[in-house]
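Q: Next come a sequence and a model predicted from it.
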Amino acid sequence: MRPVFPIAVLSLLAPACAGARHAASPLAAPPPHVATHAAPETAELLPLADERMPAARDVRLFAPGDFVVYKFTGSFRSHPMSLIERVVAQDGDATTLDFALDDGELMRTLRVRMAGSPAEPRVVSAAWVDGNVEGPVPVSTFDDLLAKTILAPERNDGLVDSEPATVQVAGKAVACHRNTYRVVVHGRKATMTTYTNDGFRWGDLGGEVRAANGKVLYHAEVVNQGHAETKAAMLER
């Protein structure tokens, strides 16, 4: 599966790639705004890239203030979670981002500096941010933070279906590809669905893991994205 920027934000259901990307991993019954039907003619759509030519996640395309908000629900956690990713600064080939994770009990923000190849940035430093006070931490802390947002199957038995679909992001219909896989989670058969569009710069648009009995184990979705200077503006929908 393809990785998602900046996750560690992860490709759906996959661990952070070398501590550099975030995967909107796989979530209780899917929210009604996650559509699976053909896109209406009036929908605002992102162009679907040629899948034979995977798009590189060039961090230089982002600007300070750009953000995305992911929401995670499902039985894999006791509380719904949200993750805000926001670009703080850019300096040459280095990009600084804040990852604010609200796990339903506590919100903590980790400031991460990435550098290197635009398509495959690596984490060079990380620090907790509490108001104006920052405390340096090992780079592995970034992986630990993102691991809370992932349910990773122990086995993927392959693709069973792939078709065009749409999802709603901040009130707009976005064209995507819905891919469904047979997987094994906690020793039991399940299905994993991912929603992808190479025109969406942050990575995957969402994903879901369902048990054989239909129970939603994991659901990830983008609830907002754009440009804003304040956290309050990021959470508005």
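A: Noted; the coordinates are in hand. Numbering: from 1, shown residues only.
Q: in the protein, what spans have low per-residue confidence?
A: 1-61, 118-119, 229-237 (pLDDT under 70).
Q: Select the longest helix from it.
A: Ranked by residue count, the top helix of the chain under DSSP state H comes out as helix 140-147.
Q: could you point out which element follows it?
A: Per DSSP states H and E, helix 140-147 leads on to strand 155-169 as the next helix or strand towards the C-terminus.
Q: And that following strand, what's buried?
A: For strand 155-169, the buried set under the neighbour-count rule, 16 or more other Cβ atoms under 10 Å, comprises Ala165, Thr166, Val167, Gln168, Val169. Where you see a C-beta, it was placed from the backbone N, CA and C, and this is true even at glycine.
Q: now for that strand, which elements pack on it?
A: With contacts taken as 3 or more Cβ pairs under 8 Å, 6 or more residues apart in numbering; DSSP states H and E, strand 155-169 sits against strand 172-185, strand 188-196, strand 216-227.
Q: Now tabulate these in TSV and tack on distance to Phe72.
A: Listed next are these as TSV, based on distance: least, Cβ to Cβ, whole Å:
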stretch	distance to Phe72
strand 172-185	15
strand 188-196	14
strand 216-227	5
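Q: so can I have TSV of those showing mean neighbour count and distance to Phe62?
A: As requested, these are exported to TSV (neighbours: other Cβ atoms under 10 Å; distance: least, Cβ to Cβ, whole Å):
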stretch	mean neighbour count	distance to Phe62
strand 172-185	19	18
strand 188-196	22	19
strand 216-227	22	10
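Q: Could you find the closest non-adjacent residue to Phe62?
A: Val87 (4.7 Å; Cβ to Cβ, 6 or more residues apart in numbering).
Q: what's the neighbour count on that neighbour?
A: Neighbourhood size, Val87 [other Cβ atoms under 10 Å]: 19.
Q: For the helix or strand where it lies, which strands pair with it and how are they oriented?
A: Using DSSP H and E, Val87 maps to strand 81-91. Paired with strand 81-91 in the same sheet, following DSSP bridges, are strand 66-73 (antiparallel), strand 94-102 (antiparallel).
Q: I'd like to know which of those is closest to Val174.
A: strand 66-73 (12.6 Å; Cβ to Cβ).
Q: Pull out the buried positions in stretch 128-144.
A: With burial defined by 16+ other Cβ under 10 Å, the residues of stretch 128-144 counted as buried are Val129, Val137, Val139, Thr141, Phe142, Asp143.
Q: now the end-to-end length of that stretch.
A: 13 Å (Cα to Cα, to the nearest Å).
Q: Write down the beta-bridge partners of the residue nearest to Phe62, one by one.
A: Leu97.
Q: mind listing what it touches?
A: Applying Cβ atoms under 8 Å, 6 or more residues apart in numbering, we find Val87 in contact with Phe62, Ala63, Pro64, Gly65, Asp66, Phe67, Thr95, Thr96, Leu97.
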